[in-house]
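J.: pasting the structure only:
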């Protein structure tokens with residue numbers, strides 16, 4: 001598993017780990033039953049505290065995305081994919097709300113905003 005951790009990010013390191021694990025579950029790269037690196041191994045690889053790694057795993061377990069088996073490790077739970085997708089939608093709605101507010105502040109009509117969004121959405125990547 002590859003993680004991109006940034007010490008200069010506004011997000012705490014444990015949140016960066018959580019976001020990346022959630023993204024990999026949502027994208028299907030991590031599937032139900034897949035083993036995650038041990039807390040100690042991940043901490044060593046990322047050169048971070050074991051406490052930070054444990055916090056990320058504990059939070060994800062609390063959210064129902066991971067489960068731990070004593071002496072065996074941490075695994076991807078039978079993820080509630082709908083819950084994860086709903087969280088992504090909520091994040092998208094927040095971003096779109098900022099765009100709408102900005103458009104209104106700059107006198108851009110709903111029609112213009114819709115055209116801009118349509119063009120951006122249809123661009124090839």
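T.: Done, it's in. Note that the structure is a prediction, hence the values are computed from the model and not measured.

J.: next, count neighbours for the spatially closest residue to residue 63 that is not a sequence neighbour.
T.: Using Cβ to Cβ, 6 or more residues apart in numbering and skipping residues adjacent in sequence, the residue nearest residue 63 is residue 83, 7.9 Å away. For the C-beta atoms, the positions are set from N, CA and C on the backbone; glycine is no exception. By other Cβ atoms under 10 Å, the residues close to residue 83 number 11.

J.: contacting residues around stretch 25-32?
T.: Contacts to stretch 25-32, defined as Cβ atoms under 8 Å, 6 or more residues apart in numbering, come from residues 1, 21, 24, 36, 65, 76-79, 81, 84-85, 88.

J.: among those, which are in strands?
T.: Counting by DSSP state E, those place residue 76 in strands.

J.: surely the residue nearest to residue 63 is in contact with residue 64?
T.: Yes: taking Cβ atoms under 8 Å as the definition, residue 83 is a contact partner of residue 64 at 7.4 Å.

J.: show me the helices in this structure, by range?
T.: With DSSP state H as the criterion, the chain has helices at 13-26, 39-46, 50-62, 81-105, 110-122.

J.: so which of those gets nearest residue 7?
T.: Closest to residue 7 of the helices of the chain, according to Cβ to Cβ: helix 13-26, at 7.7 Å.

J.: cheers, nothing more for now.
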